[in-house]
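[1] Predicted structure and sequence below. I'll ask about it afterward.
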Amino acid sequence: MNSTFIPNRTDYNAYGVKISMNENFLVLAQNQNDPPTFLIQFAPYNNTPLPLQCTTYHANLTNTFIYTVAVGKNQPQNNIHFYFIGELTNNHSGILVGMAIYNRTNVTKNLDSNSSLICNTSFTYYFQWITNYQHQEYLILGVEPSGQFVYGFSNEFIFIFDSRNTSTLDIWKGNLTWPDASFIPNAVDIHERFGVISGFIYNGQNSTVKYSPMIYLMNYNLSNHHPIVVNQYQPIATPSTWQDLLSNADANYYSAKYDMSVSINEYGDVLVGMQFINRVFLFSVNITKPTKLNFISRHTNGRTLGNGKNIAWLQNGIAALIVNVYSLDYIWSTSQIHIYGIQSDGYNSNSTPLSVFPNNHQKLPTSIDPVFLNIVSSPSSLALLDNRGHIIIFLPTLPGFYLTIQETGTMPLITTAQPCLAGTYKNQSGIHDCTLCPVGTKNPGNITTYCTPCSPNTFCPLASVNEVSQTALHTVNQAIPYPKSPESVIFDDILIRNMFSIGPGRCLPISPLFWTLIVAGLAVTVITIMGILKFFIKNPRGGQIRSLLKCIFRHTDLIGEGELWVGGLASFSLVVLITFACVFSNHYVKQYPIETSSDSLFACDASIRNAKFETSVQSLAIPLTDADQKMFDLLNNQAFLLNVDFVNTVIKCDTVSLEALFGITWSTIRWLDCNNNNSTLSLSIPLPYQIISVQISIADIRTIGAIRIGLYGREQTSENYVLKELNFYHAFYKNEYILARNLPVALSLTKVVNETLSIDGGDAIFSGIYIPTFTVDYNSLFFSADQFVRSTLTLTTLTLVITETPYYVKNLQEPIAKPSEVIFQNLLFTTVCLELFGLIFLSYKLLFKPFYLNVMKKHRHEKGEQNNYEIKQLNDTFLSLDKIHTVYF
């Protein structure tokens, strides 16, 4: 029967996995030759000298396309052999199963001969032909770990090939094993006691989803080693997701899009990758009783294809996965290897890889194609096959080291070890990268197997290289809120409120009203004494003293103009009040401007100032006054010095380059100063213009904890104009993050002009300064540990765009009361007080005193009549006595 199978012989991805390895050797099938050849790389995998690498082929393989090669993971070192399966092409038909056994004796005999000949004559080939089945779209191999048996699986048949009996092939129909006869096997892995195979089952012509994925758990018949399906798991798409819309109508024809992968480790953990739904499934199987496939979790990589293209377990519960990114119509975008510590960290869609290859310090060599096809493990080492058939062998490194790849001009490329970078550590061997030091720990780079704790109250974020003082993150803010005007800006109100108020604490002894009342109390005491002298002291001396005091107090009477001695006593209180008013006014008028004022200790409210304020935002498009223009000229001509601190890093100045945007061209500029002190890289950069874009590029892969940006401009004075010193800093940091590689920062400068009017009518005083406003996106400015692991950028770039706002802030300060107004208001206050006290005494004269006198007069009249009656009665008594005496004599 003639065959129409015409594969692309240069496609290493077609119809199966072309690479396999264990701890003893690696084999790669190369179909571009006819007959196909097998590249053999012997262990140890630390170099590629010719005696350890060779190519072998067999003439019987002419017109054959090799689907897959496979080796047993635990094959003895003295029993090196590999299996392969393929199909005849070029109008020939038939399926070929083969085994190549390595003959060490031939190598020993031919050590001085050509290496390719040694290798070619050192393998003995055994073949079995399957002629009663036509072309198989999917035909896969699975080797029992010791390498004794190889299993072949297709939809139509299954076979076992025994390396101890190469003359026979045990083959039977697939429907005798598959629970669903439509099952199309796609990927398989074999453990000593069980196997896991994944593929598709057909749902029927009327089904929306024509082919659905299926995973079978297999045990072995003890008598004939035939696989028996004992459990199954069918992935079900979540409703309304893009996977739920897939029909997989062409899954019965080979397409790389439908590639799957299965890998089992020594603990019975199973990974199954299905790139067409972008998912990797994690299962566990009880090794002693492997009858159930226990679902643990799954990992999804977004709305793309390619996650889990190939999977390989390494040692210590670590797994490597090829994560390709294809569009939904299967257009390639990127390829990466993700390494997960599944046994220690678990595995799901939120898991962070231990490392990702390539990354910012493990770059992909130029000789390696960026499209990754397969990975296989030994399991201590890992081999990567690219789209061109080139190989990288990743060797495990000791704790404290990570692997790097150098272009050697040989193939395969072999990795070498490098110490972990500062800020990272690695505490176990393996091919994975070093890990970022956790928050609160540091690693300067001298100890790479662990991170040491930082001291308290220091800046020690993720991936710290040292503990840095918190002062390195100090933010200097020159933007001070302009004061608001007080509630009252009328001096009369302010004066009266302060004269006639009493408060607790320090307010009491400085209260004018308090001392006025004290003096008034003394006056009441004097009045009381005067009353006592009048009504209770009959001694003429008391009357004299009272008369003298009345005379003295009449001379101090400012209220009644010397008429009332009581007015003199009240005048003392009035003098105290007026004196306090004058003292307050004198101090108050000096509380201007606020820049030269101190606390108002003379008043209860220490914040009181002789100033009122006005703030306005004005457009720069409005023409300026001549006075404002002079201030703007100083601001526009101020030279800027850009200061940038990269905090908590070991990066040096020799990796830094600077550029500024002139028009549409980026041109190199120079720094004024650059140094790294106390793990902080500091740059001082003179700016050619105020409005400019600056780009700082750091060609170093090492981490940075935070960034601090500031501007400096010198102070200038010209007559009544003061350009204030510009010296602000703003720090950007997040403790559980590190600085990202692309750092877009926008800085907007706003002019602030302060105008202070003179209190004595002179020229106004102007001052000006720029106030910054930073605009950043913290989500793009910092990396989490997960984002850093996945990043491939090697260049840290800070792009600072400095602009000016189209408006400015105008602050106006003017006095509430000028000296002349204060003098006038004090005279007015004195007059009012005199009139007020006079009004009180006038009220006394007109109302209280007449009422008092009338009462007293009436009281005296009644008392006089009573006295006359008593006198008359007394006289009558005396008259009667006289009469009695007269009669007696």
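    Received the coordinates, thanks. Because the structure is predicted, anything quoted here is derived from the model rather than measured.
[2] wait, residue 818 sits on residue 757?
    No: judged on CB atoms under 8 Å, residue 818 makes no contact with residue 757 at a distance of 9.9 Å. For glycine as for every other residue, the C-beta is placed from the backbone atoms N, C-alpha and C.
[3] And the strands in the stretch 201-350 of the chain, which stretches?
    For the stretch 201-350 of the chain, strands defined by DSSP state E, counting those that start in this stretch occupy the ranges 211-220, 227-233, 260-264, 269-274, 279-284, 294-300, 305-313, 318-326, 332-341.
[4] just so I know, which of these lies nearest residue 385?
    Nearest to residue 385 among the strands of the stretch 201-350 of the chain is strand 305-313; the distance by CB to CB comes to 8.8 Å.
[5] The closest one packs against which elements?
    For strand 305-313, the packing partners by 3 or more CB pairs under 8 Å, 6 or more residues apart in numbering; DSSP states H and E come out as strand 260-264, strand 269-274, strand 279-284, strand 294-300, strand 318-326, strand 372-377.
[6] May I see the strands of the stretch 201-350 of the chain organised as CSV, with distance to residue 582 and mean pLDDT added?
    Shown next, in CSV, are those (distance: least, CB to CB, whole Å; pLDDT from 0 to 100):
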stretch, distance to residue 582, mean pLDDT
strand 211-220, 97, 96
strand 227-233, 97, 97
strand 260-264, 96, 96
strand 269-274, 93, 96
strand 279-284, 89, 96
strand 294-300, 84, 95
strand 305-313, 87, 93
strand 318-326, 84, 93
strand 332-341, 83, 92
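[7] so which of the ones you listed comes closest to residue 190?
    For residue 190, the closest of the strands of the stretch 201-350 of the chain is strand 260-264, at 7.6 Å, according to CB to CB.
[8] Show residues contacting that closest one.
    Strand 260-264 has contacts (CB atoms under 8 Å, 6 or more residues apart in numbering) with 186-191, 194-199, 213, 270-275, 285, 308-313, 319.
[9] rewinding a little: okay if I get the helices and strands packed on strand 305-313 as a markdown table plus distance to residue 854?
    Formatted as a markdown table, the helices and strands packed on strand 305-313 follow (distance: least, CB to CB, whole Å):
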| stretch | distance to residue 854 |
| --- | --- |
| strand 260-264 | 122 |
| strand 269-274 | 117 |
| strand 279-284 | 112 |
| strand 294-300 | 107 |
| strand 318-326 | 112 |
| strand 372-377 | 121 |
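[10] lowest-pLDDT helix or strand in the protein?
    Across the helices and strands of the chain, mean pLDDT, DSSP states H and E gives its lowest value to helix 104-109, namely a mean of 50.
[11] returning to what we had before: out of the strands of the stretch 201-350 of the chain, which is closest to residue 700?
    Across the strands of the stretch 201-350 of the chain, closest to residue 700 is strand 332-341 (CB to CB), at 22.4 Å.
[12] How about residues contacting the closest one?
    With contact meaning CB under 8 Å, 6+ apart, strand 332-341 is reached by 304, 306, 314, 316-327, 347, 351, 353-358, 370-372, 375, 382, 384, 431-433, 790.
[13] For the stretch 601-750 of the chain, which segments are assigned as helices?
    626-636 (DSSP state H, counting those that start in this stretch).
[14] which intervals of it have sub-threshold pLDDT?
    When residues are selected by pLDDT under 70, none of them lie in the stretch 601-750 of the chain.
[15] Export only the CA atoms of stretch 810-827, formatted as CSV.
    Provided in CSV are the C-alpha atoms of stretch 810-827 (Å, rounded to 0.1, in the frame of the first residue of the first chain):
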residue,chain,number,x,y,z
LYS,A,810,-0.6,84.6,43.7
ASN,A,811,-0.6,85.2,47.4
LEU,A,812,-1.3,88.7,48.7
GLN,A,813,-0.6,89.8,52.3
GLU,A,814,-1.6,93.1,53.7
PRO,A,815,-2.0,94.6,57.2
ILE,A,816,-5.3,94.6,59.0
ALA,A,817,-4.4,97.9,60.7
LYS,A,818,-1.7,100.4,59.9
PRO,A,819,-0.1,102.5,62.7
SER,A,820,-2.2,105.6,62.0
GLU,A,821,-5.3,103.5,62.1
VAL,A,822,-4.3,102.0,65.4
ILE,A,823,-3.6,105.4,67.0
PHE,A,824,-7.0,106.6,65.8
GLN,A,825,-8.8,103.5,67.0
ASN,A,826,-7.1,103.8,70.4
LEU,A,827,-8.2,107.4,70.8
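[16] Look up phi and psi at residue 169.
    Torsion angles at residue 169 (phi, psi; degrees, to the nearest 10) stand at phi -130, psi 120.
[17] so the closest residue to it other than its chain neighbours bridges to which residues?
    Closest residue to residue 169 apart from its sequence neighbours, by CB to CB, 6 or more residues apart in numbering: residue 128 at 4.2 Å. With DSSP bridges applied, residue 128 shows beta-bridge pairing to residue 97.
[18] residues touching residue 643, list them.
    682, 683, 684, 685, 708, 709, 710, 711, 712, 729.
[19] no no, residue 389
    When contacts are counted by CB under 8 Å, 6+ apart, residue 389 touches 12, 18, 28, 30, 32.
[20] again, 6 Å this time
    Listed by CB atoms under 6 Å, 6 or more residues apart in numbering, the contact set of residue 389 reads residue 12.
[21] repeat for residue 28
    19, 39.
[22] where's it, which helix or strand?
    strand 25-30 (DSSP states H and E).
[23] what's the next secondary structure element after that strand?
    Next along the chain after strand 25-30, taking DSSP H and E as the criterion, comes strand 37-42.
[24] residue ranges of the strands in the stretch 351-500 of the chain, please?
    Under the criterion DSSP E, counting those that start in this stretch, strands of the stretch 351-500 of the chain are mapped to 355-357, 372-377, 382-386, 391-394, 401-404, 413-414, 416-419, 424-425, 435-436, 441-442, 452-453, 458-459, 468-469.
[25] Can I get those in CSV including mean pLDDT?
    Converted to CSV, those look like this (pLDDT from 0 to 100):
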stretch, mean pLDDT
strand 355-357, 94
strand 372-377, 95
strand 382-386, 96
strand 391-394, 94
strand 401-404, 94
strand 413-414, 92
strand 416-419, 93
strand 424-425, 95
strand 435-436, 94
strand 441-442, 94
strand 452-453, 94
strand 458-459, 94
strand 468-469, 94
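[26] out of those strands, deepest packed?
    The highest mean neighbour count among the strands of the stretch 351-500 of the chain, using mean count of other CB atoms under 10 Å, belongs to strand 372-377: a mean of 25.
[27] got the angle between that one and strand 332-341?
    20 degrees (axes from the mean of the first three to the mean of the last three CA atoms, to 10 degrees).
[28] May I see the PyMOL selection of the buried members of the contacts of strand 332-341?
    Applied in PyMOL, the following selects the buried portion of the contacts of strand 332-341 according to 16 or more other CB atoms under 10 Å:
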select buried, resi 304+306+314+316+317+318+319+320+321+322+323+324+325+326+347+351+353+354+355+356+357+358+372+375+382+384+431+432+433+790
